[in-house]
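K.L.:
how would this look folded up:
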Amino acid sequence: MSLPTLKNIRALASISPLLAAVIAPLSTLMDIPALTEHWYDYKDGTGRPDPRTNIYLSAIGLAFNVLANGLLIIRFSASDHFWATATRMSVLCWAIKVVVAIVNVSVYGSRLDPAVVYGEGFCCAVVSLIISGLILCLLMLHFVFGFRNPREPPTPKQLQLRMAGRQFMLQNTFFIAWMGILALFMSQLEGWTYLQGIYFASVTFLTIGFGDFYPTLTVTKIVLFPFALVGIAQLGNIIGIIASFFSAQAQAREDARRAEFEKERQAEEELKQDAPNLKREIEFLESLTKLEDRWKTVTSLGKNILGFLVFWSIGALIFSQTEGWKYGEGLYFTYVSFLVIGYGDIAPVSNAGRVIFVVYALIAVPIVTGFAVETVTAVFRKVSDSRMRDRRAELGIDTGVGTDENPMEDPVLPDHSPSSDSHPDSEKALSRNARRKLVQDQKDHWIVPHEHFVARGHERIEQKVARSPKSEGQIEEEEIDEDKILTEYILELAIEVERHARRLLVSHMGDGTSGQILLKADRNVQLRDMQALAKEAEQSDGAGNGLTGVVKKFMDEEGGLGPGPHKMEEQETMREVMMYREAFASLLAAGSRLMKLKGEEQYLFERRQARQDGP
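P.N.:
Sure, this is the predicted structure:
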């Protein structure tokens with residue numbers, strides 16, 4: 001394994017403030033019982049107050065913790081001028097908090113009397129110190145390797161990271177505050193300590209429900225409902241936000257690697273003597289997509305399972321030590337907790353065990369287990385979908401072969417028609433190789449080279465020119481008529497290309513996205529304007545004869561104001577893509593004819609190579 005490079009360190013430094021934002025509010029939550037609860041418990045049952053200096057240091061640490069969290073929010077929200085100041089002040093406050101906590105734990109964390117055990121306050125102080133130290137390391141990493149000159153404007157990526165950090169901080173702060181309020185409410189009414197209230201809140205929001213703590217009063221049972229509902233929903237929201245952000249980051253890296261690989265492939269193809277081949281290029285891209293999908297599935301499954309095993313084994317070791325269990329019991333308790341089963345037969349009862357469980361469960365349950373289970377589910381879904389897709393293709397479903405809606409005019413060979421070999425009854429008699437050949441033939445139906453469409457475009461142009469009325473013996477008038485015919489045909493094709501492109505975009509863009517809404521709204525406004533113009537033409541000409549043929553065709557095909565293009569299935573999408581390709585190729589053919597291009601200029605404009613059988 002190679003050592004991390006400076007590029008890797010800078011990449012980690014760019015997102016380290018976001019990682020700090022995820023765990024920062026939890027440090028504040030742990031600092032509250034570190035101040036309010038006793039640091040020492042005495043075995044004889046006598047309660048003694050903690051040293052006054054210890055309480056002062058805990059209060060100072062909590063104050064700087066709250067201030068550091070506030071500055072962290074400002075750091076992600078402020079303008080460029082205050083961003084640099086907030087960043088420096090936040091790092092300084094975290095440093096002071098860590099130093100104060102180290103002094104406090106070092107001085108008052110020594111057990112001098114065998115009759116004294118560590119209380120809830122001390123355990124929470126240690127955990128808060130560990131979290132705060134990790135946050136300080138992450139912020140220092142960014143300060144050293146990722147801090148930019150405040151005089152330089154931020155890049156789009158830096159602005160995106162800043163917005164993501166602000167979202168992380170606000171959502172996490174709300175969740176932790178909601179947990180802290182529930183813990184305070186339950187501890188006061190049920191007679192629990194504040195740490196026990198935090199433990200109860202975490203078990204509730206994670207839907208584990210061990211049953212060792214539960215509401216016994218009518219008022220707590222009633223109030224718990226809205227707290228649990230909002231807490232569970234907010235935790236799911238946080239998990240979704242974090243997962244979406246880091247998935248997008250991983251996808252961006254995958255896209256960059258794919259683009260580099262395709263660039264290298266393109267350079268290799270340019271060195272070959274063979275002519276470009278659409279089928280070969282499609283096969284390459286399909287194989288690349290399958291390889292990437294398989295690689296992503298395997299790596300994601302491996303990473304998540306490895307993470308699950310690491311958290312599982314380490315968690316079992318920690319809880320077996322804090323609770324005095326056997327290691328096997330720790331393994332059992334950990335996976336029962338991670339999978340939110342929560343039988344309740346065993347649960348942490350020690351102060352240290354409950355403090356560690358709160359932090360460990362909030363990190364492990366939603367992230368490790370959630371991602372691992374989701375990855376395994378995705379693998380099962382992909383296998384099932386792949387088998388179903390192959391089966392549908394074998395039966396001729398969603399291929400568009402031999403249907404009347406197929407835009408292609410070329411007939412399909414009868415031997416490959418769904419009405420013969422791919423019928424469900426006759427298909428059973430096919431061998432595996434025959435079915436595989438049938439699927440490939442159905443896919444090949446859509447693979448029509450670009451030059452074929454261009455040639456057909458030239459044929460249609462010849463037909464349009466031949467059908468147009470001309471004055472015999474007047475060559476100049478013929479040329480003028482041909483230019484007019486070509487101009488109208490180009491406009492018609494341009495509208496057709498736009499229509500197919502718009503349908504594809506609207507159908508495959510995310511529902512409710514700004515781009516989809518803009519395209520739909522623009523289409524509706526255009527149709528309303530054309531309807532108004534059509535009415536004016538009818539009023540002036542009597543029957544709407546003032547509309548040109550191109551406009552009439554557009555009005556007829558759009559068919560008035562409708563909901564717009566729907567979500568297309570695979571067959572409909574392929575049909576729309578074919579019509580788009582054919583319209584665009586015809587547009588190029590008509591353009592080269594109108595500009596009277598010849599030879600290499602014509603082939604370059606039409607985006608094809610010279611063929612012996614070309615027009």
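K.L.:
Confirm M179 sits in a helix?
P.N.:
Yes. Assessed with DSSP: H, G, I helix; E, B strand; the rest coil, M179 lies in a helix.
K.L.:
residues in contact with N277?
P.N.:
Not one residue lies near N277 by CB atoms under 8 Å, 6 or more residues apart in numbering. C-beta: built from backbone N, CA, C; applies to glycine.
K.L.:
Which pLDDT value goes with it?
P.N.:
At N277, the pLDDT value in this model is 75.
K.L.:
go on, V465?
P.N.:
So V465 comes in at 82 (pLDDT).
K.L.:
A78 too?
P.N.:
So A78 comes in at 62 (pLDDT).
K.L.:
got it, and K428?
P.N.:
On the pLDDT scale, K428 gets 46.
K.L.:
tell me the helices in the stretch 401-550 of the chain, going along the chain?
P.N.:
424-427, 432-444, 450-467, 475-508, 514-541, 549-558 (DSSP state H, counting those that start in this stretch).
K.L.:
An error on my part: the question was meant for the stretch 251-400 of the chain.
P.N.:
With DSSP H, counting those that start in this stretch as the criterion, the stretch 251-400 of the chain has helices spanning 278-323, 327-338, 351-363, 370-394.
K.L.:
looking at these, which has the lowest confidence?
P.N.:
Sorting the helices of the stretch 251-400 of the chain by mean pLDDT places helix 370-394 lowest, at a mean of 73.
K.L.:
Can you give me every residue that contacts G330?
P.N.:
G330 sits in contact with G315, A316, L317, I318, F319, S320, E323, where contact means CB under 8 Å, 6+ apart.
K.L.:
Just among these, which is most surrounded?
P.N.:
When neighbours are taken as other CB atoms under 10 Å, the top entry among the contacts of G330 is F319 (27 neighbours).
K.L.:
ok, that one - contacts?
P.N.:
Per CB under 8 Å, 6+ apart, neighbours of F319: W325, G330, F333, T334, P348, G353, I356, F357.
K.L.:
switch to 7 Å and redo it
P.N.:
F319 is in contact with W325, G330, F333, T334, P348, G353, counting by CB atoms under 7 Å, 6 or more residues apart in numbering.
K.L.:
can you list the domain ranges for the protein.
P.N.:
1-153, 395-444, 460-605 (automatic domain parsing).
K.L.:
Can you flag the weakest of those by average pLDDT?
P.N.:
domain 395-444 (a mean of 47).
K.L.:
separation between the nearest residue to Y360 once chain neighbours are set aside and Q321?
P.N.:
Spatially, and ignoring its direct neighbours in sequence, Y360 is nearest to G315 (5.9 Å; CB to CB, 6 or more residues apart in numbering). Using CB to CB, to the nearest Å, G315 is found at 11 Å from Q321.
K.L.:
I222 too?
P.N.:
39 Å.
K.L.:
cool, S592 as well?
P.N.:
79 Å.
K.L.:
ok, A68 touching S90?
P.N.:
Yes. Using CB atoms under 7 Å, A68 is in contact with S90, at 5.7 Å.
K.L.:
what number of residues lie near E538?
P.N.:
14.
K.L.:
In three-state terms, how would the residue nearest the centre of the chain be classified?
P.N.:
The centroid of the chain falls nearest to S244 when counting by CA atoms, centre = their mean (4.3 Å). Look at S244: counting by three-state DSSP, its state is helix.
K.L.:
out of I222 and Q321, which sits in the more crowded spot?
P.N.:
For I222 and Q321, the more surrounded residue by other CB under 10 Å is Q321, and the numbers stand at 14 against 10.
K.L.:
And the more buried one, how far from A34?
P.N.:
Counting by CB to CB, the gap from Q321 to A34 is 22 Å.
K.L.:
A11 too?
P.N.:
Distance from A11 to A34, by CB to CB: 35 Å.
K.L.:
Show me which of these two is the more surrounded one.
P.N.:
Set A11 next to A34 and count neighbours by other CB under 10 Å: A34 wins out with 31 against 16.
K.L.:
Could you list the low-pLDDT ranges of the stretch 151-300 of the chain?
P.N.:
Scanning the stretch 151-300 of the chain for pLDDT under 70 picks out the ranges 151, 269-270, 272-276.
K.L.:
What is the neighbour count of the closest residue to G344 other than its chain neighbours?
P.N.:
In space, and not counting its chain neighbours, G344 is closest to G211: 3.9 Å by CB to CB, 6+ apart. If you count neighbours by other CB under 10 Å, G211 ends up with 12.
K.L.:
Then A233?
P.N.:
12.
K.L.:
That one sits in which helix or strand?
P.N.:
helix 218-271 (DSSP states H and E).
K.L.:
just A21 next, same as before
P.N.:
Assigned by DSSP H and E, A21 falls in helix 6-36.
K.L.:
which other helices and strands contact that helix?
P.N.:
Under the contact criterion of 3 or more CB pairs under 7 Å, 6 or more residues apart in numbering; DSSP states H and E, helix 6-36 touches helix 52-77, helix 120-145, helix 156-190, helix 194-205.
K.L.:
Next, format the ones you listed as CSV and append mean neighbour count.
P.N.:
Shown next, in CSV, are the helices and strands packed on helix 6-36 (neighbours: other CB atoms under 10 Å):
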stretch, mean neighbour count
helix 52-77, 20
helix 120-145, 22
helix 156-190, 18
helix 194-205, 24
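K.L.:
T204 is in contact with A228, correct?
P.N.:
Yes. Contact criterion CB under 7 Å: A228 and T204 qualify, at 5.4 Å.
K.L.:
relative to helix 370-394, how tilted is the helix holding A233?
P.N.:
Orientation check (axes from the mean of the first three to the mean of the last three CA atoms, to 10 degrees): helix 218-271 against helix 370-394 gives 50 degrees.
K.L.:
what's helix 218-271 packed up against?
P.N.:
helix 156-190, helix 194-205, helix 278-323.
K.L.:
Tell me which of these sits nearest to G342.
P.N.:
G342 lies closest, by CB to CB, to one member of these: helix 194-205, at 7.5 Å.
K.L.:
With N237 as the reference, measure out to the residue nearest to the centre of the chain.
P.N.:
On the measure of CB to CB, S244 and N237 end up 11 Å apart.
K.L.:
can you check I282 too?
P.N.:
In terms of CB to CB, I282 sits 41 Å off from N237.
K.L.:
ok, now Y199?
P.N.:
Taken as CB to CB, the span from Y199 to N237 is 22 Å.
K.L.:
So W192: helix, strand or coil?
P.N.:
Going by three-state DSSP: W192 is coil.
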